[in-house]
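[1] what's the 3D shape of this:
(one chain, ligands or ions: 1)
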Amino acid sequence: MSSQNSKALITINSLHKLKSKGEKFACLTAYEATLGKIISQSGVEVILVGDSLGMVIQGHESTLPVTMQDLIYHLQNVSRGNINSHLMADMPFMSYATKETALSNATLLMQNGAHSVKLEGGRWICDLTSTLSQRGIPVCAHMGLTPQSINRIGGYFVQGRDTDKQDEMIAEAKDLESAGASILLLECVPDDLARKITQSLSIPVIGIGAGPSTDGQVMVIHDLLGISCLEQPPKFIKNFLAENDSVQSAISAYVRAIKEQKFPAKEHTFF
Ligand code: KIV
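    Take a look at the predicted model:
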């Protein structure tokens, strides 16, 4: 493809610019080439090859069984389909348990098509974040509900409801930014906490179940297409295929709804 026809790759800088202009951006998970291509063509800025693949692709009850080999296989497939979206790859459970494993596994993800890596955790991942970031690997720090810790948390529920916890999470988010995180992702937190964190950071914040104030929104592609395997889908997801007649138009509607700040609406938000 000639450079005249190719669209410029969305970079971390592009996302920072969108935040500074107050423009919202879209993120969506993908696990294979065809949907990766459609998602990228639909104007989704960030594609996440998430370890949610353990649940929606492999049928496990949690993300814990996902291995580096699994992640790399799906990342390579999405990378072949991707046009110009920023490709973020999840670091699977225990793949960043020590500095050494984090370095070698993040390196593998970057060498297999990722433009950034996502790690779950708060203050304890600050050191890992600095290590990776100093070596040229952009890090997205995933806070709030962190599914890899489901056995410690005890269930999939909203995090950061009380004031002490909220203050702690705001401080942790600032520490992660200072440590060199390029992006923050907040999962399942109340709207006011997400707003405070987004406003107090200069890095872009992506939300899922975090209300409308974050700079970007992310959803699992299966949820957007109304094929969630969960018996009781969480309130923050929306089936965009229900109002559209093709996968392409459902994804475009998702992007539009985010840009026009129509999604997430009140009914998708925790207060
Ligand atoms: O693994 C994943 O898809 C994720 C999103 C739900 C944020 O982490």
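
[2] Please list the residues of the stretch 101-250 of the chain that sit near the ligand.
    By CB under 6 Å from any ligand atom, the part of the stretch 101-250 of the chain that sits against the ligand consists of 185, 187, 208, 218, 220. Heads up, the C-betas are built off the backbone N, CA and C, glycines and all.

[3] what about 8 Å?
    Residues of the stretch 101-250 of the chain lying close to the ligand by CB under 8 Å from any ligand atom are 118, 120, 142, 147, 185, 187, 206, 208, 218, 219, 220.

[4] Make TSV out of the residues you listed and add pLDDT and secondary structure.
    Output for those, formatted as TSV (pLDDT from 0 to 100; DSSP: H, G, I helix; E, B strand; the rest coil):
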residue	pLDDT	secondary structure
118	98	strand
120	98	strand
142	98	strand
147	97	helix
185	98	strand
187	98	strand
206	98	strand
208	98	strand
218	98	strand
219	98	strand
220	98	coil
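
[5] Export these as JSON lines, with columns for neighbour count.
    Formatted as JSON lines, those follow (neighbours: other CB atoms under 10 Å):
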{"residue": "118", "neighbour count": "22"}
{"residue": "120", "neighbour count": "23"}
{"residue": "142", "neighbour count": "26"}
{"residue": "147", "neighbour count": "21"}
{"residue": "185", "neighbour count": "27"}
{"residue": "187", "neighbour count": "22"}
{"residue": "206", "neighbour count": "27"}
{"residue": "208", "neighbour count": "27"}
{"residue": "218", "neighbour count": "25"}
{"residue": "219", "neighbour count": "24"}
{"residue": "220", "neighbour count": "22"}
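
[6] right, and residue 217 touches residue 45 too?
    No: taking CB atoms under 8 Å as the definition, residue 217 is not a contact partner of residue 45, at 10.4 Å.

[7] okay, these two: which has more neighbours?
    Using other CB atoms under 10 Å, the more surrounded residue of residue 217 and residue 45 is residue 217, with 27 against 24.

[8] In terms of helices and strands, where is that one?
    Element membership of residue 217 [criterion: DSSP states H and E] is strand 216-219.

[9] which of the residues in stretch 72-83 are buried?
    In terms of neighbour count (16 or more other CB atoms under 10 Å), stretch 72-83 has its buried residues at 72, 74, 75, 77, 78, 79, 81, 82, 83.

[10] make that stretch 224-236, sorry
    224, 225, 228, 234, 236.

[11] Where is pLDDT lowest across these?
    By pLDDT, residue 228 ranks lowest within those, coming in at 80.

[12] residues in contact with residue 216?
    If a contact means CB atoms under 8 Å, 6 or more residues apart in numbering, then residue 216 has 15, 18, 24-27, 45-46, 204-207, 258 as its contacts.
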